[in-house]
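> What would the 3D arrangement of this be:
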Amino acid sequence: MYRQLMGLQQLSRRTITSSARRQIDNTVKDKQKLFQADNGTPIHLKGGSKDAVLYRITMALTVFGSGYVVYELFSAAMPKK
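Below you'll find the model as predicted:
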């Protein structure tokens, strides 16, 4: 049992330490400059076109959902005869 445990520890140590390490560039400073720039753009749109698309999709779903809720409330308040 002890040999198996030691073998497992060795295997786990080997796979963790021998895995290829990817270097990731630190882009925090660049993002801070982008989001802190005073260029008149709202903060929720400063991320670029992806943020604009997500904002428009969110607004469309919100308007559609609100309209659907009003429709359902109206149909529940006025029962069919």
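> Count the residues that sit near L54.
13 (other C-beta atoms under 10 Å). C-beta coordinates here come from the backbone N, C-alpha and C atoms, glycine included.
> Quick check: it vs Y71, distance?
Here the criterion is C-beta to C-beta, to the nearest Å. By it, L54 lies 26 Å from Y71.
> try M59
Distance from M59 to Y71, by C-beta to C-beta: 19 Å.
> swap in D38?
42 Å.
> Same drill for those two, tell me which one is more crowded.
The residue with more neighbours, out of D38 and Y71, is Y71; 10 against 5, by other C-beta under 10 Å.
> so who does that one touch?
If you count contacts by C-beta atoms under 8 Å, 6 or more residues apart in numbering, Y71 has none.
> can you start the count at 534 instead of 1 from here on
Fine by me, first position is 534 from now on; the one you just mentioned is Y604.
> Tell me, what's the model's pLDDT at it?
Y604 is assigned 96 on the pLDDT scale.
> and what of T550?
52.
> same check, this time on R547
With respect to pLDDT, R547 has a value of 57.
> now Q542
Reported pLDDT for Q542: 74.
> which residues of the chain score low on pLDDT?
Within the chain, the stretches with pLDDT under 70 are 538, 544-554.
> How far off centre is stretch 583-594?
13 Å (C-alpha atoms, centre = their mean, to the nearest Å).
> again with stretch 586-603
With C-alpha atoms, centre = their mean, you get 19 Å for stretch 586-603.
> do stretch 559-573 as well
19 Å.
> element containing D584, please.
helix 582-610 (DSSP states H and E).
> now that helix, how far from the chain's geometric center?
For helix 582-610 - counting by C-alpha atoms, centre = their mean - the centre lies 20 Å from the chain centre.
> cool, stretch 557-577 as well?
Per C-alpha atoms, centre = their mean, the centroid offset for stretch 557-577 relative to its chain is 17 Å.
> Now the terminal residues of it, how far apart.
Separation of the first and last residues of stretch 557-577 by C-alpha to C-alpha, to the nearest Å is 25 Å.
> Pull out the buried residues from that stretch.
Neighbour counts over stretch 557-577 (16 or more other C-beta atoms under 10 Å) mark no residue as buried.
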